[in-house]
Structures are given as C-alpha cells and as structure tokens.
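K.L.:
pasting a predicted model and its sequence here:
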Amino acid sequence: MSASSDAPTLLIKIFGRDRPGITAGLFRTLAGYGLDVVDIEQTVTRGRITLCALVTAPATGVATEGALRATVHGWAESVGLQAEILSGTGDNPPRGHGRSHVTVLGHPLTAGATAAVTAAITATGGNIDRIFRLAKYPVTAVEFAVSGVPTGELRTVLAPESSALGVDVAVVSAGLQRRAQRLVVMDVDSTLIQDEVIELFAGHAGCEAEVAGVTARAMRGELDFEQSLHARVALLAGLDASVVEKVRAQVRLTPGARTLVRTLKRLGYQVGVVSGGFTQVTDALREELGLDFAAANTLEIVDGRLTGRVTGEIVDRAGKARLLRSFAAAAGVPLAQTVAIGDGANDLDMLNAAGLGVAFNAKPLVREAAHTAVNVPFLDTVLYLLGITREEVEAAGVAE
Ligand SMILES: [Mg+2]
C-alpha cells in the first residue's frame, strides 16, 4: 500500500553478514505490530546484506514505537546484524520526470571514470535513483536509473565524458519501449564479423593493394560507396568461384556474436543483417546463426568465374536504411522498436532510422552521430544496453 504523505512511517535498515532467513526474520518480528509494508529494497554485495523496509507506524493500541524499536534491535542483535530505525512521514517522494537508463561499460571500470560519469549526471540536475550491476563479464556493466533530466540532454552531456574516459556510456529512455524492442539489424563487415569480406577476396585475387587504394579514395570522399563497390569488385574479375568457399571459411565472427544472436532469439527477437558485402557470405552466416533476415550485394558468377560485377539492387548507405524498414515491416515491428548496429559511415542512415542506433567500435564520425556507442570488442555487450543481465544471458545459454 502507499502511505499518505502525513502518515507516520518507519524506515528500518538492517545491515550485516547475509544468511538465509534474514528477511523472513525481520518481518516475523514486525508481524505482531499491525504494520503495513510500504516499500522493501534489498541488496547483497560480497556477502553483506542491506535490507530496507519502509512500514507504517504501529497501530494505536497495538504497541508503542518504542516497544517496536526495542524488539527490532533485540532481534537484530540476536542474529548478529545492525539495525537503524528512522521515524518520519509518508512514502518515498515520487521520482522526477525524464527517466533514463544510463549503462556504463568499463574494461575495467575505474573509480575515476565512475566519479566523472556520476558527477556529470549530477551536474545536469539529474538524480541517480538506483544503481545495479548488469554484468561482470566480458566487461563490468553498471546501470544507473536516472530521473529529473531529459534523456537527450543526458546523452549530450555524457557522450564527451565517455570518449575522454575510455568507458562506454549508453543513455536510453526508460519506459515500456525499451522492453518492446524486438528487431535487431546488424552490419556485417567489422561488426558481426571481424573481417572486411572484399579484402578477403582481394587476398585471393592478389589485388589487396589496389582494393585498399580504392577504399582510401572512398574514405577521402573521392568516390561514393557505389562507385567504390564497382571499382573494387571489378578487380576480382576472372577469379575462380571456388574462392567463395575459401572466403567463407576465413570469416571470423566477432567475439560475443553467437551469444548476442542466441540470446536475442531466445528472447523472441528477430535478428537480421544488411551488408555492403556479398550474399555469397551473408547467406552462409544467416544459415549458421539462424538469422531471420539477410541482404547484401551479389557477386556475379558466370561459367565458374567471378565476372567483376554485382547483380541486382545495390545495398549502399540508403539501401541499408531501406532494408531496415522493410525487415521491420516484415517482422511486424514498428521502426521505433528496432535496434541497428554498425561501424561505418555506410551504416549512419540505418543507425539514425532505428529506435536505437549503436555505433560498434566505429569511426569517430559514426560514433558521434549514433544514439550510443560501444567501444569494447565484444558484440554481446549490446545486450546490456537493452537492460539484459549477464545472468539472463548465461541462463539462455544453459537452457539450450
Ligand atoms: Mg562495417
């Protein structure tokens, strides 16, 4: 029940070495006093319990507050715990408007970075209402529930802190929408996998330097993506089609990729990939990982050889955003409930179109434009941004 704002309430805090039965013991002790429970919070950190109970004061005629205090202290002493009892009135004040989840990923998470991030939250006028560890592996991930400041403002203030401090700070708005995100679409090269597939093909064609040269020109803005794709694929003309199998075998998944996909699938998410690379590789990944959607460019193969051309509609920067929309429509998921993950300038439209755009070990330009960034090389850390804990991730793995 909630206590009216002027009703007397008691905050009872119990602290000490945790063991089974403490919570039951406290409430058994309180049960004889005709109290109502207003709030309970309990945490255990390295074997030490902190149990806070907010209860109404003893009903008139049942007992005095003094008697209750003596009973609680006596019980606590008998089980080797410390008790603190504070008189007051009413329930917790309501949380402020503008509620966000701030997830901090550190590898390691230093006290200095934690100081800077929390000071920055305070400086915005935001209040930290709760703190919770999501994971200790492969990074330390801590979630802060913050209220009193708009999510966008918090994001703007915290983003520069994170790049300066070497931690990742993701700010997402609280509320049901976070739990409703049901489609995740990933880029492939340097996101789902560690490689750039065109470079693997170039290795077999002996044209790595030429391909790298075209890539550099594209990076300098001398070529757009489509021009650079055609120029690089042209360098592969004449290559034996058996190379496709070799390239598939060379592809290395990003650490955490399997865990990410497996966990999302078990949670009922749909998962897809969009790539400026090639269906010859993405179709194999779709099969291997059980993905729901995959789209990429297709290398043309005639008479057992690569022609140096691609067939069909080009998947470029605009194409990736278009595909995100069409996957979302096919999945029956509103765009606001999608998550997109990518590392390149090519991914920017898709990251911006999604409900949550995650820059994954991205170039600075992409990092700055995305909603949030992950700069540790573990793809499963994206799960923590969705509020999923490591325990839940591991339970999903064991349940297989
Ligand atoms: Mg990429």
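P.N.:
On my side now, so go ahead.
K.L.:
give me every residue in the stretch 101-250 of the chain lying close to the ion.
P.N.:
Counting by CB under 5 Å from the ion, the stretch 101-250 of the chain comes close to the ion at Asp187, Asp189, Ser190. Where you see a C-beta, it was placed from the backbone N, CA and C, and this is true even at glycine.
K.L.:
excluding its backbone neighbours, what's nearest the second one?
P.N.:
Nearest-residue entry for Asp189: Glu196, 4.7 Å, with adjacent residues in sequence omitted and distances by CB to CB, 6 or more residues apart in numbering.
K.L.:
show me the contacts for that neighbour.
P.N.:
Neighbour list for Glu196: Asp189, Ser190, Gly277 [criterion: CB atoms under 8 Å, 6 or more residues apart in numbering].
K.L.:
so which of the residues you listed sit within strands?
P.N.:
Members of those lying in strands (criterion: DSSP state E): Gly277.
K.L.:
give me phi/psi at the residue nearest to Asp189?
P.N.:
Backbone torsions of Glu196, given as degrees, to the nearest 10, read phi -110, psi 110.
K.L.:
and it, how far from Glu300?
P.N.:
Per CB to CB, to the nearest Å, Glu196 is found 20 Å from Glu300.
K.L.:
circling back to that earlier point, can you put the contacts of Glu196 in JSON lines and add pLDDT, neighbour count and distance to Gly152?
P.N.:
Shown next, in JSON lines, are the contacts of Glu196 (pLDDT from 0 to 100; neighbours: other CB atoms under 10 Å; distance: CB to CB, whole Å):
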{"residue": "Asp189", "pLDDT": "95", "neighbour count": "25", "distance to Gly152": "31"}
{"residue": "Ser190", "pLDDT": "95", "neighbour count": "19", "distance to Gly152": "28"}
{"residue": "Gly277", "pLDDT": "95", "neighbour count": "27", "distance to Gly152": "34"}
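K.L.:
what's in contact with stretch 301-315?
P.N.:
201, 226, 229-230, 233-244, 274-276, 278, 295-300, 319, 323.
K.L.:
again, 6 Å this time
P.N.:
Stretch 301-315 is contacted by residues 226, 233-234, 236-239, 241, 276, 295-300 when judged by CB atoms under 6 Å, 6 or more residues apart in numbering.
K.L.:
list the buried residues of it.
P.N.:
Buried residues in stretch 301-315, defined by neighbour count with 16 or more other CB atoms under 10 Å: Ile301, Arg305, Leu306, Thr307, Gly308, Val310, Val315.
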